[in-house]
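> need a structure here:
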Amino acid sequence: MLKIGEFIYPWGSGHYSRMMRLNEVLGDHVYEKFEIHFSSKDHVYEKLLEKFPDQKEKIHEILMPTPIDGKLAPVSQCL
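Got it, this is the predicted structure:
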């Protein structure tokens, strides 16, 4: 089984919207069985939990640097 990791930027909702659209059509282009794991923080993390309540084990909250709050650890330090 393929595991696909989606990192969704929390800098607004545009990236979240595009990634959800990608998920809708991914099965049309990937012919192997797959599962998607999401990584984000803040409001996007909360949206993912609401949208996929039965897949909480595949939704990961991570710290990442942002243009607003560069104090958080780089992604590589959070894995």
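> Need the phi and psi values for the closest residue in space to E32 that isn't next to it in sequence.
Distances taken as Cβ to Cβ, 6 or more residues apart in numbering put L2 closest to E32, at 5.2 Å, once the chain neighbours are dropped. Yep, even glycine has a C-beta here, placed from its N, CA and C like the rest. Here is the backbone geometry of L2 (degrees, to the nearest 10): phi -80, psi 140.
> Could you count how many residues lie near L2?
10 (other Cβ atoms under 10 Å).
> Is it in contact with Y31, as I believe?
No. L2 is beyond contact range of Y31, at 10.0 Å (criterion: Cβ atoms under 8 Å).
> mind checking how far the longest helix seen in the chain is from the chain centre?
Scanning the chain for the longest helix, with DSSP state H as the assignment, gives helix 14-29. On the basis of Cα atoms, centre = their mean, to the nearest Å, helix 14-29 sits 11 Å off its chain's mean C-alpha point.
> Please spell out the segments of the protein that come in under the pLDDT threshold.
64-79 (pLDDT under 70).
> And the helices in it?
Taking DSSP H, the helices of the chain run over residues 14-29, 42-51, 75-78.
> May I see those organised as a markdown table, with mean neighbour count and distance to L63 added?
Shown next, in a markdown table, are those (neighbours: other Cβ atoms under 10 Å; distance: least, Cβ to Cβ, whole Å):
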| stretch | mean neighbour count | distance to L63 |
| --- | --- | --- |
| helix 14-29 | 12 | 17 |
| helix 42-51 | 16 | 10 |
| helix 75-78 | 11 | 5 |
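> Let's have those helices in TSV, adding distance to I8.
Output for the helices of the chain, formatted as TSV (distance: least, Cβ to Cβ, whole Å):
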stretch	distance to I8
helix 14-29	5
helix 42-51	5
helix 75-78	12
